[in-house]
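>>> turn this into a structure:
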Amino acid sequence: MEKLKRLNASRRAIWAALGLIGLFMLLLNLLTHYVADDFAYMESFKTQWWIESVWDIFPSMAVHARIMNGRLISHGLGQLFMLWPKAVFDVVNAVVFTGFIYALYSLVRPEKGDDLLLLTAIFAAVWYFMPVFGQVALWQTGSVNYLWALLFGLLFLRPFILRYRGGQAAVPLWKKLLFSVLALPFGMYTEVTSFICIFLGLCFIVLGRVVKKQSLRTWLFIPIAAAVAGYILMMSMPAQMKAKGSGLYLALLLQNFKNATAMLRSNGLWLLIAWAAAMVMGLFARVDPERLTESVIYAAGAVAANYMLTAASYYPERCFCTTAMLLIAAVAVLVPGLIERGRAEAVSCVGGALAVVTALSLITGVYDIWHTHTSYSAREISIAEAKAAGEDKAVLRLIFPETKYSACWGLKDLDVESIDAWPNGYMGAYYGIRVLGTEKDGPEEPEEERNAP
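Numbers count the residues shown, from 1 in each chain. Purely as a prediction, here's the structure:
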């Protein structure tokens, strides 16, 4: 038993677990092909020709701001990685995912020592509860927009949380300057995650003042202001203004509110139940008030992130990732306190149930990713054969993944009616042959990325 406790608290075990997570995600990334919007972002929005250099990205994003949306930083990064072989992105994305898991763990870990089981539980919760996992964490265009935003959001929040806890040491001037500079592009990164993290950062400053009588004279107001300026700049882009000006009348807002409620119920109900149960146990066990307060802040941020989408043109499941992350954090931050206050058995029961469902979903998810990979590989062989035979087009079977873990789950594969429809034209340009889909098991629902949050 003592050996197990030492292993659970071992820093080496933490690094080993993170290494395994990174290798696992690298494998999944390598098995993931370009899908949907990936083909479109290979071309310049200005010239409709291939992005061939870093300098081509700037005029492309200028047009993007007029016709698509204001996410110039995230979509600019997406086009940047299209300049290199996909394996480069696969490695970077695996590192980003691993960094995201560690960043989330570092915000909720015990004050002293480490907790390998808590780290593992966080990975399991992200794997199981993150909606459309493949879109958020494996799809190249989706990962840059959503997974990377989650990591950047946690990194942005960290200084505010440390100050609230009163454990932040003196910060060197260069770090203050760097953080303030980087806060501007973070504010421009994405509509939901950027706004919520800015809001939560301000909440921690205000709570520090009200609850702990901390001074309001803090340098952290500078990155808050920079992030707000970046957010305003993103939202004032012509395409963004056009989308919001198209009309959000009362009936539509009420319908969007219903949709957001349905999204919270379908994707976050069990996390909400787990959080409510953990809060009740925490209150009765008299868990550290600081952890209880942080948990409430995360949960409130999660709900706010969900209902922000009431004002959006539509609400794809991948946009729920910020809510899922914050609900996981709201539960996880209470775990060390519950264990310290003698509630280890209850925590172990929940952890055991999570381990079982995660193990089952790992099996089905990895198999589906592999099966989808082989389908795409077979498609590429068919394309090569058609080109070798001198044909001017290739008729390809639609690919239907079975779980949310495949990157193409919920995204449009190929149009079956028009060879020039989206995304056939972009995919054909990539493969050097005109392509058309053929239905096999039924039609897929169309994907609309334009002005998506």
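
>>> show me the helices in the stretch 151-300 of the chain, by range?
173-187, 191-212, 221-235, 238-245, 250-285, 289-308 (DSSP state H, counting those that start in this stretch).

>>> confidence-wise, which of those helices is weakest overall?
Sorting those by mean pLDDT places helix 238-245 lowest, at a mean of 72.

>>> can the helices of the stretch 151-300 of the chain go into CSV with extra columns for distance to Leu414?
All C-beta atoms are positioned from the backbone trio N, CA, C, and that covers glycine. CSV is the format used below for the helices of the stretch 151-300 of the chain (distance: least, C-beta to C-beta, whole Å):
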stretch, distance to Leu414
helix 173-187, 35
helix 191-212, 29
helix 221-235, 32
helix 238-245, 26
helix 250-285, 28
helix 289-308, 32
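
>>> can you add mean neighbour count and distance to Glu402 and give those helices back as CSV?
Shown next, in CSV, are these (neighbours: other C-beta atoms under 10 Å; distance: least, C-beta to C-beta, whole Å):
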stretch, mean neighbour count, distance to Glu402
helix 173-187, 16, 36
helix 191-212, 20, 28
helix 221-235, 18, 36
helix 238-245, 15, 33
helix 250-285, 15, 18
helix 289-308, 20, 27
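
>>> and the ones you listed: which comes nearest Leu362?
helix 250-285 (17.7 Å; C-beta to C-beta).

>>> now do the closest one: distance to the chain's middle.
Computed by C-alpha atoms, centre = their mean, to the nearest Å, the chain-centroid distance of helix 250-285 equals 19 Å.

>>> check stretch 370-383 too.
26 Å.

>>> list the contacts of it.
Under the criterion C-beta atoms under 8 Å, 6 or more residues apart in numbering, residues 31-33, 394, 396-397, 399, 401-402, 406-408, 431, 433, 435 lie in contact with stretch 370-383.

>>> run a quick neighbour tally on Lys86.
17 (other C-beta atoms under 10 Å).

>>> my guess is it meets Leu31, correct?
No - Lys86 is beyond contact range of Leu31, at 11.2 Å (criterion: C-beta atoms under 8 Å).

>>> next SSE downstream of the helix of greatest length in the chain?
If you go by DSSP state H, the chain has its longest helix at helix 344-388. Next along the chain after helix 344-388, taking DSSP states H and E as the criterion, comes strand 393-397.

>>> partner strands of that next one, with direction?
Here strand 393-397 has these sheet partners by DSSP bridges: strand 434-438 (parallel).

>>> would you put the C-alpha positions of the partner strand in PDB?
C-alpha atoms of strand 434-438 as PDB (Å, rounded to 0.1, in the frame of the first residue of the first chain):
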ATOM      1  CA  ARG A 434     -12.500  16.000 -59.800                       C
ATOM      2  CA  VAL A 435     -14.400  14.000 -57.100                       C
ATOM      3  CA  LEU A 436     -18.000  13.100 -56.500                       C
ATOM      4  CA  GLY A 437     -19.600  11.200 -53.600                       C
ATOM      5  CA  THR A 438     -21.900   8.300 -53.900                       C
END
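
>>> what are the buried residues along that strand?
Arg434, Val435, Leu436, Gly437 (16 or more other C-beta atoms under 10 Å).

>>> does Met61 count as helix, strand or coil?
Following DSSP: H, G, I helix; E, B strand; the rest coil, Met61 is assigned to helix.

>>> isn't it right up against Gly76?
Yes - contact criterion C-beta under 8 Å: Met61 and Gly76 qualify, at 5.1 Å.

>>> returning to that earlier point: Gly166 is nearest to which of the helices of the stretch 151-300 of the chain?
Checking the helices of the stretch 151-300 of the chain against Gly166 by C-beta to C-beta gives helix 191-212 as the closest, at 6.8 Å.
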